[in-house]
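Engineer: Need coordinates for the following:
(5 chains)
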Amino acid sequence: MLDYAFLIPLIPLAASLIILLGGKEDPHSPLPYVGVAAMAWCLVQSLFIFWDVATATAPLLPAPDWTWFSFGATAAGKPYIYDMPLNVLIDGPAALMLVVVTLVSLLVQVYSLAYMHGDARFKRYFAFLSFFTASMLGLVVSNNLFVTFACWELVGVSSYLLIGFWFEKQGPPYAAKKAFMTTKLGDCGLYLALLMVFIQVGSFQFTQIREFVALGYMPPLIATVIGLGILFGAAGKSAQFPLFIWLPDAMEGPTPVSALIHAATMVAAGVYLVGRMYFLFAVSPTAMEFVAWAGAITAFMAATMAMVSYDIKRVLAFSTVSQLGFMMCALGAYGYTAGLFHLTTHAFFKALLFLGAGSVIHAVHTNDMRQMGGLSKKMPVTFVTMFIASLSIGGFPLLSGWWSKEMILEKVFEHDPRLFYVLTASALMTAFYMFRMIFLTFTGNDRDHEKHHHAHESPLMMTAPLVLLAFLSVFTGWLLHRHDLIGRLLPFELAEHAGHHFPHWLGYAVTGLACGSMVLSWFFYGGDLSAVTALKEKLLPLFNLLERRYFLDEFFLWLVDLCDRAAKLAFWFDAHVIDQVFIDGWGLVMKIFAELSNLFDALFVDKTVDGFGGLTMDVGVGLRSLVTNGQIQEYLMYIAVAVSLFATLILSR
Amino acid sequence: MLAPLVFYSLAAVVLLSALAVVTLRNTVHSALSLGLCLLGVAGLFASLGADFLFAGQILIYVGGIAVLIMFVVMLLGRASDLHLRQVNNQWMAGLLICGISLFGLLHVIGLFSKTTATVSPVPSTRLLGLLLMSDYAVPFELISLVLLASLLGAIFFSKAEAE
Amino acid sequence: MTHLELLYPEMALAAMALGLMLADLFIAPKHGKLLYHLAWFSAAVALCIVGLTVTESAYQGVGTLWTADPMSQFFKMLVLLTTILCLLLGLEYKQLPLRHAGTFAALMLFSSLGMMFLVSGIDLLLIFIALELISISSFILTGFERKNAKSNEGALKYFVFGAFSSAVMVYGISLYYGATGTTRLIGLGEPGGPLFTLSLLLILLGFGFKASIAPMHFWVPDAYEGAPLPVTAFLSLAPKIATMGVIARVFMLLIPAAQQDLTTVFMILAGLTMTIGNFTALFQTNVKRMLAYSSIAQAGYILIGIVSGDAKGLEGVMLYSFVYVAMNIGAFAVVQAVGDDGTAGGNYELSAFDGLSKRSFGLALMMVLFLLSLSGIPPLAGFIGKFYIFSAAFKTGHYGLAVVAVLNSVVSVFYYMKIAFHMFLRPAKDETPLLAGPYLYGGLVLALLGVLIFGIYPEPLIASVQASAQALP
Amino acid sequence: MHMLTLITFIPVLGALIILAWPKDKDDAVRVIGLLTAFISFALSVALFFLFDRKDPTMQFKEFASWIPSMGINYALGVDGLSYPLVLLTTFMSLISLIGSLGIKVRVKEYFFWFLILEAGMIGVFAALDLVLFYVFWELTLVPMYFLIGIWGGPKKEFAAIKFFLYTLTGSVFMLLGILAVYFQSNPHTFDILTLMKAHAGWSERFQILVFIAFYLGLAVKIPAFPFHTWLPLAHVEAPTAVSVILAAVLLKMGVYGLMRFCYGMLPLGFAWFLPILIVIAVINIVYGALCAMAQTDMKKMVAYSSVNHMGYCLLGIAGATVTGFSGAVFQMITHGIITGALFLLVGVIYDRAHTRDISAFGGLALKIPLYSALMFLTCFASLGLPGLAGFVGEFLCFLGAFQMWKWHSAVAVLGILATAAFFLRMMEKVFMGPLNTKWSDLEDLTARELWSIVPLAVLTVALGVYPKPALDLMNTTLVSMVGLLK
Amino acid sequence: MTLAHYLTVSALLFLIGIFGALTRRNIIGILMSIELMFNAANINLVAFNHFLHPGSVAGQAFVLFTITIAAAEVVVGLALVLAIYRNTDTTYVEEFNLLKG
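Structural biologist: Numbering: from 1, shown residues only, chains lettered A, B, ... in the order given. Okay, here's the model as predicted:
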């Protein structure tokens, strides 16, 4: 199975093309089943691979070794032809990611069959979805940083297409553009990191870079630069501070898309990439520190913002950002295993949450939680599954989220207790706002009767994935933790980080506090919202700050505006300076010439300068009034003058 | 002793009448001065021993060209022109240029301030005739064509429009 | 050795010209065209005779005032070729009275006779007389449209200018005589001194007048505009290249300019001529006048060859002269086809060219080719000429002049393309197809073939130019 | 087999046939034009199979003495640097001619000029003699003048003459440079291959001077800042197919010359200029992108994006590494294809709506999905999306330059961002959002338009997914080319 | 009497001629001035012949040709003036300004 790992990205790609090009656009097109089938196949294959990897030890480099393209390069002053290899590297993280991506993808596709049914661009949606999965899987399996980057960009564009799927509305196009541009900004850093890697190593192969670093050839400073570049890229893709602004807006896309791309898979790509290049970060403590703090800050800020949002998807989006911050911070704190572990568990429960939210939105046709309430009876399956997911993310003991989060907190504390405090605060807030969402949505009174009345449980096609995911949310952590499976899959090879010892009681304390904050949430949001309103009045500036997302959007808008001004300025410069210099400047020279030749002529015809024609006209007029006014004796005079001058010139030598 | 007297008087005639040619308002007077000037030049030729040229100058220039010009002046002459300025407004510049040129020319001429004649003049008519029939035969033939062309032109231009 | 046989072409031409004068008296005006045919035929005969007498080395003939060498033969043939082509244009020109056809043709032949002597003269006397023969015939030709005030005025200006410059030239020759004791240009030894240099300068002024070198160019636009178009074409070509030939002979071979510190003067003249010609041409609205200025500029390019002063420069002068004949006569032919519309004086304004491509695509295309050739765009003959000239300048290290020249050729494009612009981009006022006479087309096709063939495959031309650049001494 | 001669001169033959063809037979003229362009293209495709990818020297060489007395020869040949460009030229000419089938006025003249233009462009890339090169170089000028001047937009006359004068001014300096190297070489020669080996004895000062002369000619064509201002005007005014050919091939002539002559013949001058060249490249990239961002006219925006993209080529060249060179050549090809497609697409919308104002549209993707899809594809290709043609070339350019110019490249990377910004903005404004009801009866692409655009789209994808065949063509040559620089 | 004397006279005559050609408004005046210039050249030629190169008469022969040429020019010139006078009724050069630009 491992030998055919390269098929995993190619099959969804083929499926995508088939769906896109085959048949006419039809709301009831059967073609999407091709995508589902392809994904199912991929899942099966991924599971086999996972099994292979879990039972083997070394990272695996399956054949074939294709050349994508070749180009000339220079090594030690000698030019040679470098073959850009296309090959696959299946190691623990990749195997794990494969399963996560294919599984979530399959479930989302199945879910979408129902969710998107009847949409005018039903078929196109699945084509995009398959395309996304293909790129994501390519990103996961590639052994080539360059190919990874290519896929990285492709998932970006799939995200763009899917966010802007309902492009005829006002919001999605803007959100799509914002998402693309923000991640592209991050990609610039990654781009530079890529360049640096190749200049330094002469290869894009992860395995070769790793060897290079292992042999100690990589200077720490360069490693830091590369690391920061990668971090910047990852910050864009994984919505880390300060580039997370796009993710809440990305919720304009269809909800299953949010579940797949903006919760489970694509946004994890940044974390995954940092994980893949971990050997390089390990050389540079500075870069590590940056990663850790970027993650911590993100986790905290996002959590605070999630506390005040009323849009159900936005809450989830902020939560995603926050959780990604956790992962990043873990990676930065030498918690490689923990970070990737959390990535896995998070994928499931966050996908579940989004799908559940989708189910709710499907039922009530609004995102605003203030118009929901009391839906638990109407939508029991959705309620139960989402409740489980919230428990999991909130860190309820023995659920999968708890396992990974505990692990992260432990690692972080060992690295730097300050990080631990920040993360703990974020974790508590997580528990709080997740349940705030649950309570607002499912319990209490129906705040909007009309909507409540029409609400109904989603069809089986949608609830089945929810149930399956709920199952995974509960057990994944335990399964992976058993026999230290995760430790073997994600071996942490670095020398043990000598740091602070993590006292066990602290873990229990955090767990306890998290449960406490769930209860606190019931206090505020379980019944009526008077307590919140009162609080809000007291802390209005804080609420404002949070609701305006720390004014980061304004900052970026200001940046965009600045760019626009720069563009206007540049164009003005182009049209009025550069162009004129070459047209009028030329004319100016001629004008001087004309002035000189006009020495005898008082009648200089002054004209307004107007581009090429005008100026040459000036010159023409100047010269003409001098040389050919029809007065023959003047002509003779010029000859006499010229001859005298020439005679003087020669005879005086 | 006689030679300088002759020279200076001839030079005076030539230059003064030349000045008259370019300054007088009345074109008829100018034309008359031109004749005088040409006569003076003929005199200079004589003083340089160019006997044939002396005769040629008088016959062709004074008798031909100056008279022809006089004819035309009379033909065109309008009494009303007499009060008009005959010199245009660039005379100052012209004067300046001529002054500067004179300075330069005199500078060059200064080279010959000590050159005097080494042989006394001999009659040159015979020599000229020989030259024209031998070495200068081609130009001699050619100049007949020049004259022919100019006649052709004169006839063409002065013939009244027939058509 | 008298080598009278070397004068046969000139004799034949003179005899034919005299015959034409006489024939004018006897042939009825309605058969006037016959005289044109006779005239170009006699020029062709003279051309053939020159071709038969082409020699490989130089001979000096009767009186030793002239020489027959490959270089002079080359220029003679070129002059005769131009004459033939201009007479072909004259055949189709509507403004000329047929009753004076004989006079017109005879004067053309006189003029080209003068040029033939001019290019073979090695004595200032002969050169001066030849120049006068050209001048006097040209004055008359310029004023040939007697009822046209412009024609009169052009002739008068031309005349005043010509007379003035020949007077100055004679003065220069007198100084030359004083400095050397002879009017001959060969066997001088090593003359020098301010008197000699001054004389050369004044003689150059006389040549410059004929070759329309700035600042002796002022008469050019006026005379060209006033003259009947075939005469304009003739004046812009034949006297110019003949004078360039004699300048090249005098200042490159006999009394090298470099010896007399005249190279700087030539450089200034070349630069000035090009620049003034091109910049004043920029804003002409009359195509005849524009081409007049263009021809001034072209004279500037030819001068570069003289500045460079070596064999390559001489070849460049000859090559460019040849090419220039082809492209300029072509341009004038089209101008005649368009402008000579039967109205008095014709209409040579740019607006007359509006939409020519609609009225006659062939004419318009040919005109574009001629204009592009004039501006030196490959693969047309003008490019080869410019290339040769520029490379001569480069070879001798006159980089600055080369830069000035190329910039000038850019400027020239502006006004050449203006004509193209009117022909192709402007809508036609009336779309009646424009038909030109067969002889005009004949001339055009000849010129076009010259421009195209020697643009694409110039080797034979260059080879013959190189062979012809052998001259006395 | 005189393949290159055939490829070059078959269009001329076609042009002459068209010229001689009787009037008012427009369809026949179209057929002849397409046929000749197709034959030329087919022959150059045949070379693709005959081309020896392992041979770094000139192939398919042809030699004939042309003007022996001036040492000028008719020498043609292609190597890995020029062959891809020849192929691009014949291909894009064919595409443009298909795109020109909609021309209704003065068809005969149009096809005549176009075929002459094609011959000139092919010749520029195939010529192995400097004078021959110059002849072809200038040969492209006149047809372009007429193509813009006759069939162009409202300000066509000014645009045409501006184009003409700018390029001519540059190229006459190049002529001087050609003369200079001729007289510097010993024995005097115009042969490019000989000259490329002859530079060892030339002083640095000489090389710098000649470099400047050459650069002036080439920079105008590229167009490199600050000689680029003719480009937006020419593009905006030119008819669609002419814009296509202008962007796709004509600009490449400058870059090609820079690599062939400035680098190959004058390495010392090139080395001296590098620090300036990199700055120009960065300016081209960033400034070009910024200017594009400020445009409201789609065509002008695409035109400025050309300035931006040619900046990448310059960047690659400024790196003076084989990687950068590969990138530059590849970028030339892909830019030709992508921008060609962009211009065609913009032309389509202009034909329908008679406006190119970005803000005049909205939601077109609903109405004309096929058109929108193709536009999205090309825009993404242009902004360098992986899997589409623009990505690899751009990356290689950066990779080549990064070795020597880290900071410059870092700044230039911002250009990528800006490029993405203006393309995305255009897509958002034009194709997304609610449909502007003004355009509710807009029609999607016709068959003719598809015939011209789809091949480009297919190539865009093909070259993006599998660029190896194209890169393999040039690798050996480029590897052998570097090393001139110390 | 030295050569310089004759040359000075000739130079003065020449410059007077030039001055006249530059300033006379009447065409006939200009023509006459040009004749003065021709005569100056003639004086030069004869003087040089006499003082410097007495062996041959080349200078004098040249003068003969010059005189003839001058005559021919005057003939054409006057005919032209007459023709123009018939058309335009003026002999003042500044009034000939149809052609300019």
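Engineer: Residue D:75 belongs to a strand?
Structural biologist: Yes - counting by DSSP: H, G, I helix; E, B strand; the rest coil, residue D:75 is part of a strand.
Engineer: OK, contacts around it?
Structural biologist: D:61, D:62, D:63, D:64, D:127, D:128, D:129, D:132, D:191, D:192 (Cβ atoms under 8 Å, 6 or more residues apart in numbering or on different chains). All C-beta spots, glycine's among them, are computed from the backbone N, C-alpha and C.
Engineer: Does the closest residue to the fifth one other than its chain neighbours belong to a helix, a strand or coil?
Structural biologist: When the adjacent residues along the chain are set aside, residue D:127 lies closest to residue D:133, with 4.0 Å between them (Cβ to Cβ, 6 or more residues apart in numbering or on different chains). Remark: residue D:133 carries the secondary structure label helix [criterion: three-state DSSP].
Engineer: residues near residue D:133, how many?
Structural biologist: For residue D:133, the neighbour count with other Cβ atoms under 10 Å in any protein chain shown is 25.
Engineer: Can you check what pLDDT the model gives it?
Structural biologist: On pLDDT, residue D:133 comes in at 94.
Engineer: what comes into contact with stretch C:20-35?
Structural biologist: Counting by Cβ under 8 Å, 6+ apart, B:148, B:152, C:38-39, C:42, C:91, C:97-103, C:105-106, C:109 sit against stretch C:20-35.
Engineer: Mind checking which of these are buried?
Structural biologist: Buried residues within the contacts of stretch C:20-35, counting neighbours by 16 or more other Cβ atoms under 10 Å in any protein chain shown: B:148, B:152, C:38-39, C:42, C:91, C:97-98, C:100-103, C:105-106, C:109.
Engineer: which residues are in contact with the helix or strand hosting residue D:452?
Structural biologist: Residue D:452 is located in helix D:447-465, with elements delineated by DSSP states H and E. Helix D:447-465 has contacts (Cβ under 8 Å, 6+ apart) with D:95-96, D:98-99, D:101-102, D:333-334, D:337-338, D:340-341, D:344-345, D:348, D:374, D:377-378, D:381, D:385-392, D:445, D:470.
Engineer: quick one on the thing from earlier: and of the buried ones among the contacts of stretch C:20-35, the nearest to residue D:139?
Structural biologist: Distance from residue D:139 was checked for each of those by Cβ to Cβ. The minimum falls on residue C:91, at 35.2 Å.
Engineer: which strands and helices sit next to the helix or strand in which that closest one is found?
Structural biologist: Per DSSP H and E, residue C:91 falls inside helix C:70-92. In terms of contacts (3 or more Cβ pairs under 8 Å, 6 or more residues apart in numbering or on different chains; DSSP states H and E), helix C:70-92 is packed against helix C:32-52, helix C:101-120, helix C:229-248, helix C:311-339, helix C:438-456, helix C:459-468.
Engineer: For the residue in the stretch 301-450 of chain A that chain B sits nearest to, report the pLDDT, please.
Structural biologist: For the stretch 301-450 of chain A, the residue positioned closest to chain B under Cβ to the nearest Cβ is residue A:301, at a distance of 86.0 Å. pLDDT, the model's per-residue confidence, is 91 for residue A:301.
Engineer: Show me the shaky parts of the stretch 51-200 of chain C.
Structural biologist: Flagging of the stretch 51-200 of chain C using pLDDT under 70 yields the residue ranges C:57-58, C:60-63.
Engineer: where does chain A come near chain B, residue by residue?
Structural biologist: A:633, A:634, A:637, A:640, A:641, A:644, A:647, A:648, A:651 (Cβ under 8 Å from any Cβ of the partner chain).
Engineer: In those, which residue is surrounded by the most others?
Structural biologist: residue A:640 (26 neighbours).
Engineer: In contact with that residue, which residues are there?
Structural biologist: B:94, B:97, B:101, E:18, E:22.
Engineer: So residue A:328 is in contact with residue A:240, correct?
Structural biologist: Yes - applying Cβ atoms under 8 Å, one finds residue A:328 in contact with residue A:240, separated by 5.9 Å.
Engineer: shared neighbours of those two, anything?
Structural biologist: By Cβ under 8 Å, 6+ apart, the residues touching both residue A:328 and residue A:240 are A:234, A:270, A:294, A:295, A:298.
Engineer: List the contacts of the closest residue to chain E within the stretch 251-400 of chain A.
Structural biologist: For the stretch 251-400 of chain A and chain E, the shortest gap (Cβ to the nearest Cβ) falls at residue A:252, measuring 68.9 Å. By Cβ under 8 Å, 6+ apart, the residues touching residue A:252 are A:163, A:164, A:166, A:169, A:171, A:172, A:175, A:176.
Engineer: pLDDT score for it?
Structural biologist: In this model, residue A:252 carries a pLDDT of 86.
Engineer: Distance of it relative to residue A:53?
Structural biologist: Plainly put, residue A:252 is 37 Å away from residue A:53 if you go by Cβ to Cβ, to the nearest Å.
Engineer: What segments of the stretch 51-200 of chain A are strands?
Structural biologist: Applying DSSP state E, counting those that start in this stretch to the stretch 51-200 of chain A gives strands spanning A:66-75, A:78-86.
Engineer: what's the angle between the shortest one and strand A:66-75?
Structural biologist: Angle of strand A:78-86 versus strand A:66-75, following axes from the mean of the first three to the mean of the last three Cα atoms, to 10 degrees, is 150 degrees.
Engineer: which outside residues touch strand A:78-86?
Structural biologist: Here strand A:78-86 has contacts from A:65-74, A:142-144, A:146-147, A:202, A:204-205, D:322, D:475-476, D:478-479, D:482-483, using Cβ under 8 Å, 6+ apart.
Engineer: Spatially nearest residue to residue D:304, not counting backbone neighbours?
Structural biologist: residue D:292 (3.6 Å).
Engineer: Centre of the chain to the helix or strand residue D:276 falls within, how far?
Structural biologist: Secondary structure assigned from DSSP H and E places residue D:276 in helix D:267-293. Offset of helix D:267-293 from its chain centre (Cα atoms, centre = their mean, to the nearest Å): 18 Å.
Engineer: Now do it: which elements does it pack against?
Structural biologist: helix A:552-573, helix D:204-221, helix D:298-318, helix D:406-431.
Engineer: okay, the most centrally placed residue in chain B: pLDDT?
Structural biologist: For chain B, the residue nearest the mean C-alpha position is residue B:38 (5.1 Å; Cα atoms, centre = their mean). On the pLDDT scale, residue B:38 is placed at 93.
Engineer: Surely residue C:373 and residue C:384 touch.
Structural biologist: No - the pair residue C:373 / residue C:384 is not scored as a contact, 9.3 Å apart, by Cβ under 8 Å.
Engineer: measure the residue of the stretch 201-350 of chain A found nearest chain B to chain E for me?
Structural biologist: Nearest residue of the stretch 201-350 of chain A to chain B: residue A:225, at 75.3 Å (Cβ to the nearest Cβ). Using Cβ to the nearest Cβ, to the nearest Å, residue A:225 is found at 69 Å from chain E.
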